[in-house]
Every structure is written in C-alpha cells, then in structure tokens.
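J.: Below: sequence and its predicted model.
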Amino acid sequence: MKFPAYPKYKSSGVEWLGDVPEDWTPIRLKWIATRYAGGTPDRSNDSYWEDGSIPWINSGEVNQGLITKPSAYITPEGYANSSARWVQAGALVMALAGQGKTKGIVAQTAIRTTCNQSMAAIVPNDLESARYLYWLLVSQYEAIRNMAGGEQRDGLNLDILGEIPCFRFEQAEQRAIAGFLDRETAKMDTLLAKRRALIEKLKEKRTALISRTVTRGLNPNAKLKPSGIEWLGDIPKHWEVKKFGYISIVVRGASPRPAGDPRYFDGDFIPWITVGEVTKDEKVYLTSTESMLTEEGAANSRTIRSGTLILTNSGATLGVPKILSITGCANDGIVAFESLSKKANKLFLYYYLRSLTENLRDRIKQGSGQPNLNTDIIKALGIPFPPEPAEQSAIAAYLDAETAKIDRMVEKVELAIARLQEYRTALITAAVTGKIDVRKATA
C-alpha cells in the first residue's frame, strides 16, 4: 500500500530523522516528558519481598512491548526502603542497561507498577501522546544506543534520554499515527509469528527424518530387532550395535592457558576451532573460523586435521557434530573422532550424532551443574551400525538430499521474515517522522 506525503516539509535538525512536516515542532524529550529511574529493595531482606503487594518490573520486561504483569511483587516496607517509584499505567519505561540488545528497548505499561534501577520511567506531560511517543522511541532504538556507547552494556542515563529528539504537533494527529501503527504492526506480527512457527515445524520435521532414517534405514519393510539400548529402540535385523570407542580414537581438544594470552591467541598461524564456531549454524561442514592461534598457541593446543568428525562436549550447546573442512586447533569443549574405521561412513555418523543432540543434553545434565560429555561417555555411546559401508553411504546421501530440501524451505521463510521485518521497521520510521501521511488510512 502506498501512502501520500504531507504537503510541505522542513528540516528536523537531526540527521537520522531527516525532513518532517512543516507544522511539526522539533523538540527534546526532556521538554515533553518526566524521566526518573527506579530502584530495587535489598534482595537479602525477605521482608521486602515475601508476600509483596506492589508490582515491580525489571529490564527483562521491556521485551514484551506492552507490560501487562510484573516480574515480582515487593512489600510496602521494601518500597519505603528503596528508591523504587511508582510508574502510572500508560506511561513508558526504557532499559538503561542490559546484556545484548536490551539497552534502549522501550515498552508501555498497561499496569501501575514500580521498576528497578536499570530502567527509566518516561511519563509524557500529556499521557494521550504516550503511544505515539512509544513508536517514535522504537524507531530511534539504534540511534539511542549510539548516543549511549552502542554495544556497551551501560551508558544510557536520564540526561541522555532527555536529549532524544521528539516532535510536538496536534494530539489528534499523534493518536492517528499511533493507531495506524498499532493496527498495521499487529497484522505483521501475526504473520511473523505464523512464519516462525512454520520454521519450527520444518526443523522438527528435519530432526524426525534424520532420527528415523539413521535408526531404521531406507527399507520401510525391513525386519527389526531390539537394539539392546532402551532409548534407541528397534533397529533393522541385519544391523549391529557398535560403540564409538570401537570404531575410532576419541580425543579431546585443548585450550592454551591463560585464556586470551596474546602469546597464544589472535594470531595468524592456524584456525582456532571453538564451541561457538561449531554451533553457530547447522551446516555439516566447518569451512572457516573467525579466530586464529599463534604458533606457540598451537603448540599448547591439539591440532585436528581436515576431514575429521568432531562433537561439542560441554555446556548448554553440547552434542553438536561437525565435519572439518579445515585443519585447526580445537579447544577443550570439543572432542574429535580420529582413526575412524574404514567400515564407518563419516557422514552417516554425523547424522547419527545430529539425531542424538537433544537426547545427550537431557541425559548428561547433572543437576544445576555444567553438563559435560567426557571421552569415556562418548566412547561408550552405542551406534546402530549397518555392516555394509554402501548402506551407510546410501543413508547419508538420502539425508543429504532430503535435509537440503527442508533447508531451502527454511531459508525461503527466513528471507520472507527478514523482508517483512525490514518493511515493519521502515513503516514505523516513515509514519512517526511524517514521511507518509497516514491520517486518512486511520480514518
């Protein structure tokens, strides 16, 4: 849909906002809204938290966009003994700090609440303008972060908030723009949710396909027998059950210590293969790394040759396999399968390990501690093993072809999501800065 422009424009005086309608007055946030930070009662004092009745939110809540329920409740005593302040329903809150992309995210409160010290309340002088102001701040997310040090965790404060560029113009027009964006973004968000759900279904289909094929083979009429492994179930009658320790030498990578030492890291001698490199995508092969070791770093690590099957063995992302297309040094969060049996097809084993990822994570978790797959555990892992390499090769080739089809569908949906998100962002910016006139569309 195309929208008309306003009749006349003038400079906003702000580079990233460009020209604005002639009757809009550029102004700073501090002149149209009150700003104040929240506070957190002492966490060690149970009387401030137990059976609390006063809503309290932290910076994690801003991701909701519209805050309808609090993170927790504090007691009147906790409120009185902290710098927490009430935020009226309909006002805005913004994260002043936070990991990742949290800093600078804005939300509107649908409830009367208090907030912690890493958030700022933004209360417009005229609360009817709050929704338009919400969308205006959403459109300036990156610019606001840049005003406060970009990717740094902290840096955003009340003074910086006060300098955020805003506009003053007719309240009815502000409500019209906000109503238009509420309606149009809701439509797009519904469509985005459906497309994300489709991606999850495609990924579930991919996982199920791999799991079924590496444990049952390609012949749907094959006679089955118990594998002897409870979680594995039945396998084709002519298959065997092997252990990784019988068909390969399982070795663990090694990390130079201390971490970050310039004698070892940020060199140009050999690729540095980390858990992050292995788990950053779902591709079969690892073809490059962002980091390199020095020659001395390589001497204090373990070199893994190109063509080797590897597996992440610790942390929340354990159980992810990869086949190396490069020779590099692996850190101690990775194990490698060396001297693989000639009867074993590497790609078949890759797909089998891929089917085990979630299973391994569920089985290896040890309470609240760090989950870990040591080499003994991995050596003892059972494999449903077709005795003929040709059958393994056929299974691997089939999975290559079928998963590629699913991956292409996922890529298409992801591209559609990216384009819709770009359009959503552009539409918000165009509407709140007056590049398009949406008043008739709202009417």
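T.: Nice, I can see it.
J.: need the next SSE after whatever helix or strand Tyr423 lives in, C-terminal direction.
T.: Tyr423 belongs to helix 389-432 when assigned by DSSP states H and E. Heading C-terminal from helix 389-432, the first helix or strand you meet, by DSSP H and E, is helix 439-442.
J.: sorry, back to before: what packs against the helix holding Tyr423?
T.: The helices and strands touching helix 389-432, judged by 3 or more C-beta pairs under 8 Å, 6 or more residues apart in numbering; DSSP states H and E, are helix 130-139, helix 171-216, helix 346-364. C-beta here means a position set from N, CA and C on the backbone, and glycine is covered the same way.
J.: Could you figure out how far that helix is turned away from helix 346-364?
T.: 70 degrees (axes from the mean of the first three to the mean of the last three C-alpha atoms, to 10 degrees).
J.: List the contacts of stretch 334-342.
T.: Contact with stretch 334-342 is made by 244, 246-253, 273-275, 278, 302, 304, 308-313, 330, 346, 349, 373, 375, 378, 389, as judged by C-beta atoms under 8 Å, 6 or more residues apart in numbering.
J.: wait, I meant stretch 267-285
T.: With C-beta under 8 Å, 6+ apart, stretch 267-285 has contacts from 253, 265, 286, 288-295, 297-298, 301, 303-304, 310, 312, 314-315, 317, 320, 322-331, 333-334, 347, 350, 407.
J.: same thing but at 7 Å, please
T.: Contact with stretch 267-285 is made by 286, 289, 291-295, 297-298, 304, 310, 312, 315, 317, 320, 322-323, 325-326, 328-331, 333-334, 350, as judged by C-beta atoms under 7 Å, 6 or more residues apart in numbering.
J.: do stretch 251-263 as well
T.: With C-beta under 7 Å, 6+ apart as the criterion, stretch 251-263 contacts 264, 294, 296-297, 300-302, 330-332, 334-336, 338, 375.
J.: again with stretch 210-224
T.: 232-237, 351-352, 354-355, 384, 386, 391, 394-395, 398-399, 403.
J.: cool, stretch 429-443 as well?
T.: Against stretch 429-443 from outside (C-beta under 7 Å, 6+ apart): 3-6, 17-18, 20-21, 24, 135-136, 139, 173, 176-177, 179-181.
J.: looking at the helices and strands packed on helix 389-432, which is buried most?
T.: Most buried of those by mean neighbour count (mean count of other C-beta atoms under 10 Å) is helix 130-139; its value is a mean of 23.
J.: Can you name every helix or strand that it contacts?
T.: In terms of contacts (3 or more C-beta pairs under 7 Å, 6 or more residues apart in numbering; DSSP states H and E), helix 130-139 is packed against strand 92-95, strand 106-109, helix 171-216, helix 389-432.
J.: Which stretches in the stretch 201-350 of the chain count as helices?
T.: Listed in chain order, the helices found in the stretch 201-350 of the chain under DSSP state H, counting those that start in this stretch are 244-247, 275-279, 295-299, 346-364.
J.: Pretty sure Ala426 is one of the things Glu184 touches, is it not?
T.: No. Judged on C-beta atoms under 7 Å, Glu184 makes no contact with Ala426 at a distance of 11.6 Å.
J.: Direction included, what does whichever strand or helix holds Ala120 pair against?
T.: According to DSSP H and E, Ala120 maps onto strand 119-124. Here strand 119-124 has these sheet partners by DSSP bridges: strand 33-37 (antiparallel), strand 92-95 (antiparallel).
J.: buried sites along the longest one?
T.: If I follow you right, that is strand 33-37. Ala33, Arg35, Ala37 (16 or more other C-beta atoms under 10 Å).
J.: Thanks a lot, catch you later.
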